[in-house]
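Student: Next comes the sequence, and after it the predicted model I'd like to discuss.
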Amino acid sequence: MQRRRFLSGTGTLVAVGTAGLSAASYARVAGANNRVAMGLLGCGNRGTGVMKALLASGKVDLVGLCDVYDQRRQDARALLAPGGRPPFATVSSDELFARKDMDAVVIATPDHLHTDLTVAALGAGKHVYLEKPTTHRIEEGRVLTEVLKKSGKILQTGTQQRSCSHYQRARQEIFATGRLGKVVIARAIWSDFPRQNRTTTPGLRPSGLDWARFLGRGAKADYTPARYETWRLFPEYGSGLLADILTHWADVAQWMLDDAQPLCAVSLGGIYQHNDERKNPDVVNAIVQYKGWNLTFESSVMPLKNRPHVLFEGTEGNLEIDRFGYTFTPAQGEAQVVKASADLDQQHAANFVDAVMNGKAPNAPLAIGLQALRPVYLALGSYWKKKRVVWNTAGTDVVEAS
């Protein structure tokens, strides 16, 4: 008896090796298992972490790995398939997408490759789990929206708070019932990133690293260890703290307050400690204005002793929420403390698998990932322009405020 697999079309089933059976009749065959065959593009810390969460669902088979560095591929094989059948591994994304035995992929590459790889994956008929930030440039959002609509596939973005039960509970029990009164400030804090705080030493490009594939269609540059090992520090490949971290907390704030329409932003910061090759700031503060409330954000790559959280300040109370739970402190009465009951990465992964298997919308579809980037693009525009910025009249680009 061979397993049931999910192939072309959202939620469409075909039985491998049982061509004479319909999807419905095959589902009734005793012992048939629901499995999603997946590939991973980008075998670094985040990519392997997401894949581990997907495998923990018990409904996923890892069939392929892709990375521009052969050592990363080898390490991922050892980590994700210890003692088991090693997955197919390749440097070529086209070769991975061409596999007929693969239903979906995780894309956890440097940000500048997200759009090209996602377009190719969807074109090859694969569902996609796309790490945040969803896009690297504003205009890429329109491209992904059009391609995804035509593909009919599932796309989940990596804003995993959307699947976390205590975030959902806070939204339902605190925000939907108005227990905070009028919220006027959402204060977001998150610092201490060892991988962005470290320095690299000069060295030659490893023989097993395909530097041309790493660069993709982006700006050409000579290899340096910093550009590869700490690519988030370079705007050609990523946007540092404002993309990596503000994306998460802005999504939480917009979700809780039902407002994804930021109006303007001001950002200040710079390189205060690390006078190396990096271009993105190691310290940054941003204020994003909405209609009736402000989102403030502060972050540093350095080991500042603050706990990552979002604090909502309202006229009837405060709510402080992070990945471990939340505390609601009303203006009158006792504080309510709620602890996280499950791993949010595993909850988000399970939601993606369920969406693929059942043809349902995921908790963090493409539109949510793009909404989370609207305040990010404003904050980035302000930082680089050194001006207060707004959206243009079409809402498609960031311009200096008049």
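Tutor: Yep, it's here. These figures come from a predicted structure and were not determined experimentally.
Student: Going by C-alpha atoms from here, please, whenever you check contacts or count neighbours.
Tutor: Fine.
Student: Do a quick rundown of the helices in the stretch 301-402 of the chain.
Tutor: With DSSP state H, counting those that start in this stretch as the criterion, the stretch 301-402 of the chain has helices at 344-358, 366-385.
Student: And the nearest residue to residue 252 once chain neighbours are set aside, how far from residue 253?
Tutor: Distances taken as C-alpha to C-alpha, 6 or more residues apart in numbering put residue 161 closest to residue 252, at 7.2 Å, once the chain neighbours are dropped. For residue 161, the distance to residue 253 equals 11 Å [C-alpha to C-alpha, to the nearest Å].
Student: do residue 55 as well
Tutor: Remark: distance between residue 55 and residue 253 (C-alpha to C-alpha) = 30 Å.
Student: can you check residue 137 too?
Tutor: Counting by C-alpha to C-alpha, the separation of residue 137 from residue 253 is 22 Å.
Student: Comparing these two, which residue is more hemmed in?
Tutor: residue 253 (22 against 16; other C-alpha atoms under 10 Å).
Student: that's a helix at the more buried one, yeah?
Tutor: Yes. Under DSSP: H, G, I helix; E, B strand; the rest coil, residue 253 sits within a helix.
Student: measure it to residue 259 for me?
Tutor: As defined by C-alpha to C-alpha, residue 253 lies at a distance of 8 Å from residue 259.
Student: Can you pull the residues that touch both of these two?
Tutor: Shared contacts of residue 253 and residue 259, defined by C-alpha atoms under 8 Å, 6 or more residues apart in numbering, are absent.
Student: Please enumerate the strands of the stretch 101-250 of the chain.
Tutor: For the stretch 101-250 of the chain, the strands defined by DSSP state E, counting those that start in this stretch occupy 104-107, 127-130, 155-157, 183-189.
Student: Could you say which one of these comes nearest to residue 210?
Tutor: Taking C-alpha to C-alpha, strand 104-107 is the member of the strands of the stretch 101-250 of the chain nearest to residue 210, at 17.6 Å.
Student: low-scoring stretches of this protein, by residue?
Tutor: By pLDDT under 70, the weakly predicted segments of the chain are 1-33.
Student: Reformat the strands of the stretch 101-250 of the chain as a markdown table; add mean neighbour count.
Tutor: Shown next, in a markdown table, are the strands of the stretch 101-250 of the chain (neighbours: other C-alpha atoms under 10 Å):
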| stretch | mean neighbour count |
| --- | --- |
| strand 104-107 | 28 |
| strand 127-130 | 28 |
| strand 155-157 | 28 |
| strand 183-189 | 21 |
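Student: Of all those strands, which one is nearest residue 72?
Tutor: Among these, strand 104-107 comes nearest to residue 72, with 14.7 Å by C-alpha to C-alpha.
Student: Pretty sure the residue nearest to residue 252 sits against residue 250.
Tutor: No. Counting by C-alpha atoms under 8 Å, residue 161 does not reach residue 250; the two are 11.1 Å apart.
Student: buried set for the helix or strand where residue 77 lies?
Tutor: For residue 77, the element it lies in under DSSP states H and E is helix 70-80. Neighbour-count burial for helix 70-80, counted by 16 or more other C-alpha atoms under 10 Å, picks out 70, 72, 73, 76, 77, 80.
Student: Pull the contacting residues for residue 226.
Tutor: Residues near residue 226 by C-alpha under 8 Å, 6+ apart: 199, 200, 201, 277, 278.
Student: Just the terminal-to-terminal distance for stretch 173-188.
Tutor: End residues of stretch 173-188 are separated by 21 Å (C-alpha to C-alpha).
Student: Please apply the same query to stretch 305-320.
Tutor: This stretch, stretch 305-320, spans 17 Å end to end (C-alpha to C-alpha).
Student: Nearest to residue 246 among the helices of the stretch 301-402 of the chain would be which one?
Tutor: helix 366-385 (6.5 Å).
Student: Can you mark which positions in the closest one are buried?
Tutor: Within helix 366-385, the residues that qualify as buried are 366, 368-383, counting by 16+ other C-alpha under 10 Å.
Student: cool, and stretch 141-148?
Tutor: Those buried within stretch 141-148 under the rule 16+ other C-alpha under 10 Å are 141, 144, 147, 148.
Student: of all those, which comes closest to residue 273?
Tutor: Nearest to residue 273 among those, with distances taken as C-alpha to C-alpha, is residue 141, at 33.7 Å.
Student: so what's the closest one up against?
Tutor: If you count contacts by C-alpha under 8 Å, 6+ apart, residue 141 has them with 135, 370.
Student: Could you chop the chain up by domain?
Tutor: As recorded under automatic domain parsing, the domains making up the chain are 4-161, 164-340+366-400.
Student: Now render those domains as a markdown table, adding distance to residue 354.
Tutor: As requested, these are arranged in a markdown table below (distance: least, C-alpha to C-alpha, whole Å):
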| stretch | distance to residue 354 |
| --- | --- |
| domain 4-161 | 9 |
| domain 164-340+366-400 | 15 |
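Student: Nearest approach to residue 359 belongs to which of the ones you listed?
Tutor: Across those, closest to residue 359 is domain 4-161 (C-alpha to C-alpha), at 4.3 Å.
Student: The closest one: how far from the chain's middle?
Tutor: On the basis of C-alpha atoms, centre = their mean, to the nearest Å, domain 4-161 is displaced by 14 Å from the centre of the chain it belongs to.
Student: what's near enough to touch residue 191?
Tutor: Listed by C-alpha under 8 Å, 6+ apart, the contact set of residue 191 reads 298, 299, 300, 301, 302, 303, 304, 305, 306, 307, 308.
Student: Among the residues you listed, which one has the most neighbours?
Tutor: The member of the contacts of residue 191 that has the most neighbours, counting by other C-alpha under 10 Å, is residue 299 with 25 neighbours.
Student: That residue contacts residue 243, doesn't it?
Tutor: No. Residue 299 lies out of contact with residue 243 (C-alpha under 8 Å); the separation is 11.4 Å.
Student: which one of the contacts of residue 226 sits closest to residue 113?
Tutor: Distance ranking of those against residue 113, using C-alpha to C-alpha, places residue 278 first at 19.4 Å.
Student: what's the burial count for the closest one?
Tutor: 20.
Student: Tell me which of the helices of the stretch 301-402 of the chain sits nearest to residue 36.
Tutor: Among these, the nearest to residue 36 by C-alpha to C-alpha is helix 344-358 (7.3 Å).
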